[in-house]
Every structure is written in C-alpha cells, then in structure tokens.
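>>> make a model of this:
(4 chains)
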There are 4 protein chains.
Amino acid sequence: MVSFTDSAEATALAERARDLMEDVVLPKERELTGGMAASDRTLKELRAAAKEYGVYAPQIDEAYGGMGYDFRDALPTFEEAGRSLLGAQAMRIAAPDEGNMHLLELHGSELQKDEYLEPLVEAEISSGFSMTEPIQGGGSDPKMLKTTAEKDGDEWVINGHKWWTTNGIGADILLVFARTDREVHPYEGCSVFIVPSDADGVEIVRNIPHIGPDIDRHGHAEIEYNDVRVPEEHLLGTEGAGFKHVQERLGPARLTHCMRYSGMASRALDIAKAYMSEREAFGTTIADKQAPRHAIAQHETELAAARALVREAADEISAGGEARIPVSMAKVFTANATQDAIDTALQFCGGNGIAKDLPIADFYESVRQFRLVDGADEVHLRSIARDAFEDIDSAELDPITRYGQ
Amino acid sequence: MVSFTDSAEATALAERARDLMEDVVLPKERELTGGMAASDRTLKELRAAAKEYGVYAPQIDEAYGGMGYDFRDALPTFEEAGRSLLGAQAMRIAAPDEGNMHLLELHGSELQKDEYLEPLVEAEISSGFSMTEPIQGGGSDPKMLKTTAEKDGDEWVINGHKWWTTNGIGADILLVFARTDREVHPYEGCSVFIVPSDADGVEIVRNIPHIGPDIDRHGHAEIEYNDVRVPEEHLLGTEGAGFKHVQERLGPARLTHCMRYSGMASRALDIAKAYMSEREAFGTTIADKQAPRHAIAQHETELAAARALVREAADEISAGGEARIPVSMAKVFTANATQDAIDTALQFCGGNGIAKDLPIADFYESVRQFRLVDGADEVHLRSIARDAFEDIDSAELDPITRYGQ
Amino acid sequence: MVSFTDSAEATALAERARDLMEDVVLPKERELTGGMAASDRTLKELRAAAKEYGVYAPQIDEAYGGMGYDFRDALPTFEEAGRSLLGAQAMRIAAPDEGNMHLLELHGSELQKDEYLEPLVEAEISSGFSMTEPIQGGGSDPKMLKTTAEKDGDEWVINGHKWWTTNGIGADILLVFARTDREVHPYEGCSVFIVPSDADGVEIVRNIPHIGPDIDRHGHAEIEYNDVRVPEEHLLGTEGAGFKHVQERLGPARLTHCMRYSGMASRALDIAKAYMSEREAFGTTIADKQAPRHAIAQHETELAAARALVREAADEISAGGEARIPVSMAKVFTANATQDAIDTALQFCGGNGIAKDLPIADFYESVRQFRLVDGADEVHLRSIARDAFEDIDSAELDPITRYGQ
Amino acid sequence: MVSFTDSAEATALAERARDLMEDVVLPKERELTGGMAASDRTLKELRAAAKEYGVYAPQIDEAYGGMGYDFRDALPTFEEAGRSLLGAQAMRIAAPDEGNMHLLELHGSELQKDEYLEPLVEAEISSGFSMTEPIQGGGSDPKMLKTTAEKDGDEWVINGHKWWTTNGIGADILLVFARTDREVHPYEGCSVFIVPSDADGVEIVRNIPHIGPDIDRHGHAEIEYNDVRVPEEHLLGTEGAGFKHVQERLGPARLTHCMRYSGMASRALDIAKAYMSEREAFGTTIADKQAPRHAIAQHETELAAARALVREAADEISAGGEARIPVSMAKVFTANATQDAIDTALQFCGGNGIAKDLPIADFYESVRQFRLVDGADEVHLRSIARDAFEDIDSAELDPITRYGQ
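Model prediction:
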C-alpha cells in the first residue's frame, strides 16, 4: 500500500512494519479471538518485537527513545499498524498516547519531557487526553467549553466535567484542556495542563459503556475535576495557546487516524477475500461470484482514493502548509470509506462476520467512532463547504440574466 | 405507524401495544442503560404487564394461552414491540420462540402441544432453532446441509454440528433440522425434531462471541449433536417435509422480523430527534440544521416504504399466496433501510450515539445481523433477479435489430 | 404491476391499458426511434385505439367524454401508460392536460366546462399551466409569486413573467396563476384564470431549450403576460382560492406522475433485461452475470416500494384525507428510485443505452425533471422533516440526563 | 486544482490554460447558450487564442506543431480545458483527435506524420477512431471483434461494420481497428489502418442519434467498410500489434478523459454555487442552507479524490509502469464521481438546471457516456477484482478453522 509519492525511507520503514505484522502481530492476534483483550504481558512482548524489527515509536526524536522519522515518512507505517488492533500498540503509535507524545515533544519543557515524555515512549506510563465535555459543553463546537483553570498563587486550580477521555481508566497522566481567560475569545483563552491522575479532586466517574473493543482495557472515561491543583510548571506550552497547540496535534493526528483505519479496512477486505475463496454457496465459491467481486473492487478503489487524499494533505503539511481543507477532505472521505468497506467485508463473511472469532466484528465496532471523533463528518463538511463557497463568480449566471432572471 | 390497509382489530391491538411500550416497557428500559441485560424478574414483570394490557402472545390460539389473532392482524404489533429490545420479550413474540411456537401450533401433535407449546407460551420454558451449520455446511444454500437423523427402531439418532442456534444457551428444547433421506433432493428429504437440551449427546460447545446485545443472556450457541436419541414422537410434522414446514415458518417470520426492526429503527430516529432538539452546536440546535433534518426525512421515507412493502407481502400471504418475491423484497429492503436509519440516528447523537446510555448503540449492534439472518441480502437478490428475468420480451430489441445488431 | 390493494375495477382497467400498450402503442413506438417526435396523425390514431380498448380519459366524468373512474381506480392505469412516452398521450392522461381537465371538472363553471373541458377531453384543443416564474419569482416557495391580476370593471388585467409552461408552445388555453390580493397572505390571495393563448398581450417568448424529449412538440414555454385582459367569467373557481385549488390538483397529480414514471422505469428495466439476455461479453450473456442481476433486483425492489408508497397515499386521499406527508414521501422516493433505475438500465445497454434507437435514452432525459417538478426533492424533504420533528419526547433523554448531560 | 505532485512546468502550463478559459473560452461559451453548437469560425478563433496564450497542443512534439510537454506535465491542463465543452477544442486536446495524434506520433511512419499528423495538429483535417462494433461484435470484450483486413498484393482490403466512431461524420481520416490474422489470439492478430473517409467502400450509414451535445457537429457515426482498399503504407505501426498500440493510446487517454470530465464537474459545481448564492427560497439563499452546502462539500471531496487517483496513476506511468489497476481505479472512480457531481449541480439550479441556457444541462448529457466509454464501469471493476483476489492468505481463517469450520 506504499505509493510513488512516499520517500525511500518511508517505504523501507513501512516494509519493516509489514514484516512485523505478518511475522509477529497477526499470528498473536489470531490466538486472541473472541473479542478478548490483550494482556499487559502480550503488549510488552509485541513492543519488544517492534523494537527488534526497527519500527518502535518511529515518529519520536531519538533523544526521547524514538527513531526520529518526520511525520510524512512515518505516515505509511500507520497504515501497516492499523491492520490489527494490536499493531499500533506494538509500535507505540496508538491514540491517544501518540498524539500526547507529539504535543509533549513540540511544547513540553525539558522538565516535562524528562518526567513524562521518555516514560511514555517506553510505555512505562500511559496518558489520556481530556478535552470533550458532556452535552451543552464543548464537543464539536469549541466555543462551548466549560472547564476552567484559574491561577492561584503558583498553582492552577482546575474545575470541570469531561468525558470520552480515551485511556482515562488506566492513564497515569491526563492532558486537560481548560479555559484560562474568560475575557477573550476561546481560541485565545484556553490552555493545556498535565494532571497526574492521582491528584486530589480527579474523580474517574466511570468507564463509559460503548460500542467497540477495548484492546488494552483503558476505556473511555468520564472524569470530574473538582478543585484539582497542579503546580504552574504543569502548564503545557504557552498560556492561552491551547487551541493552537491542539490544532498542531490534531491535523497530523487526523491523518494518522486515517491511515490506521484504512489499514484496518484493508485487512478486513483481505480476510473477507480469504473467506470468500473458501466458502461455497450455490455451486461455486463466493469469490467466483461477480456481485461480491465487484463490491470488493469498489471498496479497494475507495480505499486507494482515501490513501491518495491523505498523502496529498500530508505533502502539503510537510511543505509547511496548514492543509486545513485537504485534511478535512481526507478525514471525512476516509472515515466513510473505511466504515463502508468493513461493513461489506463483514457481510461477505456471513455468520463469521458478526461472530468474534475473526477480527472483522471488532473492526466493525471500532470503526464506527471514526465518523464522530477528530471532528464529526458534519463538522468537516461544514469547513469544506465554507471554503467552497468563498470564490463565487457571478459571471457564471450571465446566460440566464440575459433572460431577465 | 398503523396503515389504512390494517384492519380495525389490528389497529386496536397495535394501539394497546403502543400504550404498553410507553407506560411500562420504555420506562423500564431507560433504567437498564449501559448495555446491561434484563433480569428474569424484570422479564416476568413485563410479561405480566403485557397480559394486563391485552397484548400477550397475540398470534397464538386462545386454546394454548394466546389471543387468537391471525398473522396479518398481529403484524403491526410487532413493530410497536420492536421499539425496545424488551418489547418482544414482554409480549412473548421474540425470535426464535415466536417462530417455534408458530411451527408447533401448525404441525405439532396434541402431545407436543401439551408438552411444549403451552409452557412456551407461558414462558415456563424456552426454545432454540438449530438449523445453520458451520462453513461448508448448510447456510444460505440448503443443499449443503450435513446434519443427519437416522431411524433406529422407534428412535431417531441425530448427528451433526450446528451453530448460531439463537437462545441455545438457555433453551429447554431445541428444534433441530436434519436430513432424514439422502436418496432424494434435500427439499424432499429433511425433517424437524424436538430435542430436549439435556438429552445425552447434546453438547453446547460455546456461546459464540458476537456483535450485538443479549438481552436475556440466552446467546447464540454452537452445538454438537453426537448420537442424540429421541423417541419417534419427537418428529415435528411430517417426515421429509422439513423444508416445507420451515418455509411456512420463515415467510411470515421474515415479515415479523421486518416489523420488529422497523420499530427499532423508528425508535432510534425518535431518540435522535429528541437529542437533536436539545443539543446545540454552532449557534442553533442540531434539529434546526437542514442537513440532518433532510437525512431524518429520508430515513422516515424509507421506513414508510419498508412498512408498505411488508404489508403488501402480508396481504398476499393472508390471501393464500406464497408471496415469495414480495417477502424477499420486503426483507432485503427493510434490512438495509433499518441498518441505515440506525446508523444515521447514532451519528446525530454524537458521542452519545456510541455510548450505551441510550439504547441506540445496542440497536446499532443488534440490527447488523438482520442483513445476514433469514436469508442474506445476496440470497434474496438472487431470488428476485431470477423472477425478474423470467419473462423477457425480445420484441423490445426490434429498434436495434433493424440496424443489424 | 397491479396490487392486492387495487379494486377489481381498477385492475380490469389497468389490464385493458396493458393490452393497448402491448398491441398498439409499443409497436408504434418501436417504429419511431431516434428520439423523433410523433406526428399529430399518429397521436390521433393512438387515441382512437385507446377509445376502442376502453381506456380513454378514464378519470373524467362520462358527461364530459370520459369514463367516470374515480382517482384511486384510475391510478394503476397511469403506470401502464407510462411504459412509453406515447402511452399517456394515447389515453389522454398526459400532463399538463390531465391536471388541467381535473381542475376544470372540479371548479369550472358550466360555461367553462362546455367551452373548454369537453374539447380538451376530445383533444380538439390543448392547454398549458402557467405557474412557475423565473429566478426570484415563485418557484418552490409560493410566497415569492410576482404575477398579478387586477380587477378593472368586469375584466381582469394580468401582468407577469412565467416560464416552464409545459405545452405552452402549442396550447390553445393557458391556466394562469396570479396574485389577486396583495394585502393578504399569498395562500389566501391568489387565483387561477383561463387565458386564451391568442389574447392580446400574451407573448410566447420562446421554447426553453432543455434536457428531454418533446413527444408532441408542445415544449416548455417562457411567456410574458403584458396587460392581458380576460372577462371576469374567466376566473376559474373562487377568487382568492387559487392555492387551495392548485393543491387539490397537485396532490393526486403528483401520484399520477409517480405512476407514469414508475411505468417508464419498469419498461426501461424490461428493455435492459431483453438486451442483457442477448448480448454476450466475456463468455456469457450479461443476463448471466451476477452483478448486473443483483442491480436489476435492487431496482425492481425499489420500484415495488415506490408503488406501495403511492398506493398508501392514494388510499388515504380516497378515504378523504389530505395525505400531505404520504404524498411527499411517495413523490420524493419515486422520483429518485425511477431516475436511478433508468440510469442503471441505460448502463447495462452499453452504447445502445445512450443511442436513441431504444427509448431508454429518451427516458433518461425525460426522468431528470421529475426530481424538480411537482416540488423539488428538497421541498418535500423539508415538509417531511417538519412533520417528523413535531412530536419530540424528551423522556428519551432520561438515561443521559441522569449523568448530568 | 493543481497539486503538490505536479511539477513547476505543469503548474505554469495549467495556469496559462486557466487564464485562456477565464479570458476567452468561458465568455464565448456564455454567448452560445441553448445547447447550440459552435461554428467552425468560432472554433478557429478559439484555437488562435490558445496559441497566443501558449497552450495549444501542449502534448505534441514541437517538430509537429505542438509544445513538447510530456504526458504527466500536460495532464493538469486537461482539467482546465474540461471546464467548458469548448476548452479542449480550443487547445486541440479533444478526443478522439488527441488520442489519434498521440498514436500517430508514437507509431506513425515519417510519411504518415507528414501527411496526417501535422495537418491534424493544425486542425486542417480531423480524424475518427473506428473500433467499437454493433451487438455481438467487439465492444467491452475485444475477443469478439469481427472487422477484418486481408492483404491482397500491396493493398489491404478492409471489411466490417463499426459504430460509435466519434467524429465519424466530419472526419477526413479514420483509424480502423481490424483483425489481420485469424489464426492467433486476437491480442496478437489485430492491426490499425489509416483509412481516408472518401475511400471507395466507406459508407457512413448515419449519425447515431444519442444523448449528449455535439459541439462540433462531427457526431458518432455508424460506418460500413465494404471491400475498402488502402495501400500497405496505411498500416499504422506494426502488423499484429494493434492491441498493444491501442493500449498505449488508451491508458493515458483514460487519464486525460478523467481530467477533462473532472474539470467539467468542477465547473458545474461552480455554476451551481453561483446560482445558489443568488437564488432565494424560504427566506434565505440556497447557498445559506445546510443540506445543499454539505452536498457540495461531498462532491468537492470526491472530485479531489478523483484528481488524486488520476495523478497517482499518471506518476506510475511516468515512472515507466503500466499502471493498469491504478488507471482502472482512477477511471471508474472519476466517471461516477463526475456524473454524480453534475447531477447534483443540476438539481441545485432547479429549472435552470434542465434548461440549456446554462451549460450544466449539456454537461449532464455529455458525462453520461463516460461510465461506458474507455471501458465500462463493469469492465474496470472486473480487472480490479481479479487483481484484488490474486494474493489470498488462508492463514486469515486460522481463528475459525480451529472451530472445525
């Protein structure tokens, strides 16, 4: 699934990732059927293998335990990793730790990097990202954010109610997004804080029951922050620059999400093709029937389109652009293409599609969130439309204005 | 959701069912959030309420504890019941018990009715339907059936490997479909047996892990039948007429499935509309935004079409027809329309769509099987196509044969 | 394509219509290939045949030259007629004459009926319906109507600019929709007038060039009305009741349009099936390939759904209801289902699909307007959505309000 | 619509093309409303302007009157040209002349280049490509080709019946594809001939009436070749290598077609956006309504995906690859994305969408052939599927074979 627009380095890294998947991760995954989660021991073994294969934390600077690949070169590897729910865990590029490490690397103080980044890379600790809030709080529309952090002496006091904090159940530290200045527009008045999960006032209300597997049992937490105090050194990056920091995290993170999910969808099609090649009905294998063949061909085509869009957006980011619209296009297109492909793969496996012996059922549950997180479909379409309607040429209507319209 | 083509009796029954749902079932369901299953005690209370409201087992003859409605008049009530996963349980019209009771009522001996039908109607016992087999056995294509029953004196000896036996974990009796004559075409050589689940040789291999909630924890079982012996009185209906019997069960059962799922989809849209009317983003409620409004309108339209197709097919069955093609059309259309509607409802609830506090997430998981069970989409399309290509009028090509084509 | 919900009379009439089509209309159409229009002589012959077969103007009272069928019983015949662009012409049930005759029959004075209705039924004269206006005038939104009629003595003086007046080029009379009272809401202040096309001030600006065949060369006209004077007896129906009158015309007219187009789509599939059964590619006929077979099956299913929705709406109208939402659902669903089916039929005929030897190419061009006329898709979705959001049950949100959302 | 993967030369050329379109071609097109064709004089003026702007025949070697751009660099310019039906005519890159010139440049003898290529580039003559045959002859499946050429002395004698020869009505020369050796597989036994259209035995049967505008009135011809004799120097390229030659023509030609049509679709959206920004309904402009905005955003996204796929395929061809599957993917995806986008653009222009004052109606008719020519959708899906099913990994089924499936 590499492309002509990937560099030689990127391709070599992705090929090592593919080898790791084929040799180690997929065989392990095939043992863990039935929607079961992986044990800490299994995850540890897989991470060791990833180091051995030379694909561990490729996007992190070598100084902090990674391999120093830039974003664009690491990108194709995320797709390989996505072929199993265990892949990104093995290569230490799973959300939300991957994005949190990225943010710490970009804006962390030396102290913060020592304290948190290196152990995160080593998987000695884990992290959550506490941004979304319950209804009527900040979801798709950031202006609705309610959580606050107020300065009190040399401490920040955080109050708020967050949910969907991925990893929140098992996290050692939580990156909390809060309003620090109510006088200005929220785009100028929010900041990010590093909050130890054992700080006083951090209440993990519950693991929100939800659709989808939880491979490392770290859940999606609902969390209340009641007068939680952190020292001022726990401010991550610049005060008031929270939105800017998060956007830097989100753009590339959306593309890595796209790649992980397109890898998942691609794998789902591969499993379906294997199944269809074995299973017979009405005198031939399903693989010999034209209707499902054409459906597979359509999904392969859409996944190729998704990959091409992601790379176009990544190229623009690599060239220094913000690529806001290309990222939105890549995100909304990929989220739908992958959900559809996995749905079809499930269908063609019949009863084995909804049973959890094969990983397709878990993929089906997992992918459903992708059209909601990282900006729901509707939010991206809104941005794309706003851009599309920016340059209107009224001369286009000349032929009808001649008729008095 | 009643229709002009429903009789007054049908409408009155459905309205009582709607009252039961609003007054009793939905309030109870709203307490049981988080994908939790209902306790036996809760189910018992709900069944008592259904009796009180006059909507308990409406499709069963009064002689056996039901209300004696014919299929066509009971049909609209299935849609009301489908509005919650608890509804059909409350009214004793949930699959597979409902279909099994139907089969026992049609073809059971007096002994079988006494022994099994009445306790089933009273929910004193529960039943499974053991038809589908693992890969390369009988799934969509019945000619591939491998389970056999051989006569040995006054007993039948059953051997085979079944899976996806719904209710199989908790069932007291299993209706097993097996080949009784290998010399003839399977359509002529299969029979149905009543097998107590505690008979020697019945091995419940496991509850197949799968997508979807299990409201009564009775699962989908993989079962091996190893030299299972049942007395000859356990043959249900006529020897060799198994396919015919099952078809009689399946046609109407497909329509009742359609109605239950269209009720589920309708409810999902209702919840989404309530959510959209509360939730604000970018300055207005979501209910005030045109794109999701139009999407809701499209799904309402498709569900109306599904209901109309189901009723057309049911009218034909009521008039004595087999309605094979109308049933296939109703089934394949409804299965897709309901999956799509629930998917959209989930999307418009944002994070609350994938969280299991609202029932939409359970609906999303539940509906996915509907395009596979009761004949996969592809099997119905195959039948419809065969019928569509039956009468070809080659005169249609006259205008091009004139040009030598 | 008759249904269990059609009466015996309706079915007998539709069967006669089917015979007329098979015996007379289709053979004639097959001579007129190449997108050619029919001559007046041909149309006259076809109308004579329709009388002979007992299917001429079935919906018009016998007193005015028709057969006296009520709307619901005539409905299935419109579908048979739609199987060729010549069918509705032959049976005198083509738009806009059919709707205009309906309006005259409902609200015409005796004088108007003598003068116009009877000659219209006999096809001695033809009529246009002048409602839509150019951009920024009255289109989908009736509140934007600009054409006015002012009383001056015993005459009305009409001024306005209309377009898309179907039949406008060849019409003898034009039914013109105009505002007669600016002080009240347009729903209360519009009226309909009968305007002879040769009245002073009626200027047929042009036949608007457009997609689609023009079987009788009567076009879609852009017309200016400049101080056009008609005597007060030319007011059709009640002053100020124009909207009400037009709605009476539109509801059933939308359903007859649906039936004509579903007949057209059905015919397109029939032609495609004949072609696919002859044409070979890659070793088999196309009819033997599964992907196009399944596509045909899906379209047959959608057309069955369209027919069922139309009948549900018609039943409600027959029972005295307004059926506004069922009509909107039937219209928007049928318009999309027929466009899609014809598009697929075209595709499976390959080059012969876009060539005009077969009628599919004309059907393809003709059907495209259906998602725009009689209320664009968006207008119907708007109505359906408004209805869908009317009863919101906030109790549905109980499970999440418990969590403080 | 340029991309990061285009070279600086490619981008500069495309920008000049965009200027030509904005300054000259679109203003001219806006005068030619009503589906009218362009006069020879108009086309001549446009070609003169294209030379002036430095975008005339960019893909042809300077030696023959072009500009010497390689395929990959010329590619983005085809998209600009596609924004009007006149664009490719102006820049001399319209099908089929463009592909024919490409073939002559690749395989023509010096004599053939002198005689035909240079006048073609100068638009002094025009050419057709005679490949497709009527039903049961060679269409999607080349093995069914029936036209033959037999050597008789130093002449070739051609016999056959062709149709859909684009440009066939006005062409001076016809490139005819014929079987020259019946003993071998058709992939080895066909050749291409240059046939003057005034040769004895060339009978232009008719201009096939069809969907779609005919901007230069050169039509799609049905042609019979009856004992047509051409001297042996009229063989184009190598005897028996016809398929190979045509494939070389087709791969890149498919991509240039994709670009022209994506330009057309993009323009259609631009016109729709201008219209929506003017037109009001129900209190706001259509551009302010969310449902059509989101639809526009979705089509913009799909067109971006189409462009990205085309460039991926072109990059592979530039790098020396055959890119068979990427070309198939780009073709089938683009054909559907452009048809859908134009359909939506038409819808949002209401009555002005089907009227031929704006060019959208012509675009709507024009684009419909694209899913059929250059390989029908079904042919490309067939190739993609064959490739997709090539590497099946049966280890994927390990988790279910453990359960005896």
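>>> and chain A, what are its domains?
A:8-94, A:127-236, A:243-388 (automatic domain parsing).
>>> quick one: the last one near chain B?
So that's domain A:243-388. Yes. Applying C-beta under 8 Å from any C-beta of the partner chain, one finds that domain A:243-388 is in contact with chain B at A:278-282, A:289, A:291-292, A:346-347, A:350-357, A:361, A:364-365, A:368-369, A:371-372, A:376-378, A:381-382. Placement of C-beta: from N, CA and C, glycine included.
>>> now residue A:381: how far from residue A:104?
32 Å (C-beta to C-beta, to the nearest Å).
>>> just residue A:204 next, same as before
Taking C-beta to C-beta, one finds residue A:204 at 22 Å from residue A:104.
>>> what does residue A:97 give?
Residue A:97 is 10 Å from residue A:104, by C-beta to C-beta.
>>> try residue A:252
From residue A:252 to residue A:104 the distance is 14 Å (C-beta to C-beta).
>>> one more: residue A:360?
Distance check for residue A:360 against residue A:104: by C-beta to C-beta, it reads 35 Å.
>>> looking at those two, which is more packed in?
More crowded of residue A:360 and residue A:104, by other C-beta atoms under 10 Å in any protein chain shown: residue A:360, with 29 against 26.
>>> torsion angles phi and psi at the more buried one?
Main-chain torsions, residue A:360, degrees, to the nearest 10: phi -60, psi -40.
>>> pull up the pairing partners for the helix or strand bottoming out on mean pLDDT in chain A, direction included.
Ranked by mean pLDDT, DSSP states H and E, the weakest helix or strand in chain A is strand A:280-281, scoring a mean of 84. Strand pairing for strand A:280-281, determined by DSSP bridges: strand A:284-285 (antiparallel).
>>> just to revisit the earlier point, please identify the deepest-packed of the domains of chain A.
Across these, averaging neighbours per residue (mean count of other C-beta atoms under 10 Å in any protein chain shown) puts domain A:243-388 on top, at a mean of 23.
>>> contacts only, for the spatially most central residue of chain A.
The residue lying closest to the centre of chain A (C-alpha atoms, centre = their mean) is residue A:257, at 3.5 Å. With contact set as C-beta atoms under 8 Å, 6 or more residues apart in numbering or on different chains, residue A:257 has these partners: A:95, A:331, A:370, A:373, A:374.
>>> would you confirm that residue A:398 contacts residue D:30?
Yes. Counting by C-beta atoms under 8 Å, residue A:398 touches residue D:30, with 4.7 Å between them.
>>> could you identify the helix or strand that succeeds the helix or strand encompassing residue A:340?
Element membership of residue A:340 [criterion: DSSP states H and E] is helix A:324-348. Remark: after helix A:324-348, the chain's next helix or strand is helix A:351-354, criterion DSSP H and E.
>>> which regions of chain A sit below the pLDDT cut-off?
Residues of chain A that meet the criterion pLDDT under 70 lie in A:1-2, A:35-36, A:135-142, A:216, A:405.
>>> the lengthiest helix in it versus helix A:324-348: what angle between them?
The longest helix of chain A (DSSP state H) is helix A:242-278. Taking axes from the mean of the first three to the mean of the last three C-alpha atoms, to 10 degrees, one finds helix A:242-278 and helix A:324-348 inclined to each other by 30 degrees.
>>> distance between helix A:242-278 and the chain's centre?
8 Å (C-alpha atoms, centre = their mean, to the nearest Å).
>>> go on, stretch A:202-212?
Distance, centroid of stretch A:202-212 to centroid of chain: 19 Å (C-alpha atoms, centre = their mean).
>>> is chain B contacted by it?
Yes. Using C-beta under 8 Å from any C-beta, we find that stretch A:202-212 touches chain B at A:208, A:209, A:210, A:211, A:212.
>>> now that stretch - C-alpha only, PDB.
Extracted in PDB, the C-alpha atoms of stretch A:202-212 (Å, rounded to 0.1, in the frame of the first residue of the first chain):
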ATOM      1  CA  VAL A 202      -9.600  13.900  40.000                       C
ATOM      2  CA  GLU A 203     -12.600  11.600  40.000                       C
ATOM      3  CA  ILE A 204     -12.900   8.900  37.400                       C
ATOM      4  CA  VAL A 205     -16.700   8.700  37.400                       C
ATOM      5  CA  ARG A 206     -16.900   5.600  35.200                       C
ATOM      6  CA  ASN A 207     -15.800   3.800  32.100                       C
ATOM      7  CA  ILE A 208     -18.500   4.900  29.600                       C
ATOM      8  CA  PRO A 209     -20.000   1.700  28.200                       C
ATOM      9  CA  HIS A 210     -19.800   2.000  24.500                       C
ATOM     10  CA  ILE A 211     -19.600   0.300  21.100                       C
ATOM     11  CA  GLY A 212     -16.200  -1.100  20.300                       C
END
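>>> contacts for it, please.
A:163-164, A:168-169, A:174, A:195-197, A:219-226, A:228, A:362, A:365-366, A:368-369, B:33-35, B:354-357, B:361, B:364-365, C:403.
>>> next one: stretch A:51-60
Outside stretch A:51-60, the residues that reach it (C-beta under 8 Å, 6+ apart) are A:13, A:16-17, A:19-20, A:23-24, A:47, A:50, A:65-71, A:73-74, A:77, A:91-93, A:98, A:101-102, A:105, A:117, A:121.
>>> take the residues you listed and keep only those in helices.
Using DSSP H, those in helices are A:13, A:16-17, A:19-20, A:47, A:50, A:71, A:73-74, A:77, A:98, A:101-102, A:105, A:121.
>>> ok, of these, which one's closest to residue D:338?
residue A:71 (32.4 Å; C-beta to C-beta).
>>> the closest one: what's its closest spatial neighbour, skipping adjacent residues?
residue A:252 (5.2 Å; C-beta to C-beta, 6 or more residues apart in numbering or on different chains).
>>> and the gap between the one you found and residue A:246?
Distance from residue A:252 to residue A:246, by C-beta to C-beta: 12 Å.
>>> just the strands in chain A please.
All strands of chain A, identified by DSSP state E, fall at A:127-130, A:148-152, A:155-166, A:173-179, A:190-196, A:202-207, A:220-231, A:235-236, A:280-281, A:284-285.
>>> okay, now residue A:392: neighbour count?
Neighbours around residue A:392, by other C-beta under 10 Å: 17.
>>> who's in contact with it?
D:273, D:274, D:277, D:287.
>>> near chain A too, which of those?
Applying C-beta under 8 Å from any C-beta to those, those adjacent to chain A are D:273, D:274, D:277, D:287.
>>> just checking, the third one touches residue D:284?
No. Using C-beta under 8 Å, residue D:277 is not in contact with residue D:284; the gap is 10.9 Å.
>>> what residues does the stretch 251-400 of chain A have near chain C?
A:289, A:290, A:291, A:293, A:294, A:400.
>>> mind putting those residues into JSON lines with distance to chain D?
What follows is those, written out as JSON lines (distance: C-beta to the nearest C-beta, whole Å):
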{"residue": "A:289", "distance to chain D": "11"}
{"residue": "A:290", "distance to chain D": "8"}
{"residue": "A:291", "distance to chain D": "10"}
{"residue": "A:293", "distance to chain D": "4"}
{"residue": "A:294", "distance to chain D": "4"}
{"residue": "A:400", "distance to chain D": "5"}
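>>> centre of the chain to stretch A:315-334, how far?
Counting by C-alpha atoms, centre = their mean, stretch A:315-334 comes out at 15 Å from the chain centroid.
>>> is it true that residue A:191 touches residue A:246?
No. Assessed by C-beta under 8 Å, residue A:191 is found out of contact with residue A:246, at 10.2 Å.
>>> what touches both of these two?
residue A:177.
>>> name the nearest residue to residue A:89, ignoring sequence neighbours.
Here the residue nearest residue A:89, using C-beta to C-beta, 6+ apart, is residue A:43, at 5.5 Å.
>>> residue contacts, the one you found?
A:86, A:89, A:90, A:123, A:216.
>>> before we move on, what about residue A:321?
Taking C-beta under 8 Å, 6+ apart as the definition, residue A:321 has no contacts.
>>> do the same with residue A:240
Neighbours of residue A:240 in contact, by C-beta under 8 Å, 6+ apart: A:180, A:181, A:184, A:188, A:189, A:190, A:191.
>>> for the last one, give its distance to chain C.
Between residue A:191 and chain C the computed distance is 24 Å (C-beta to the nearest C-beta, to the nearest Å).
>>> much appreciated, bye for now.
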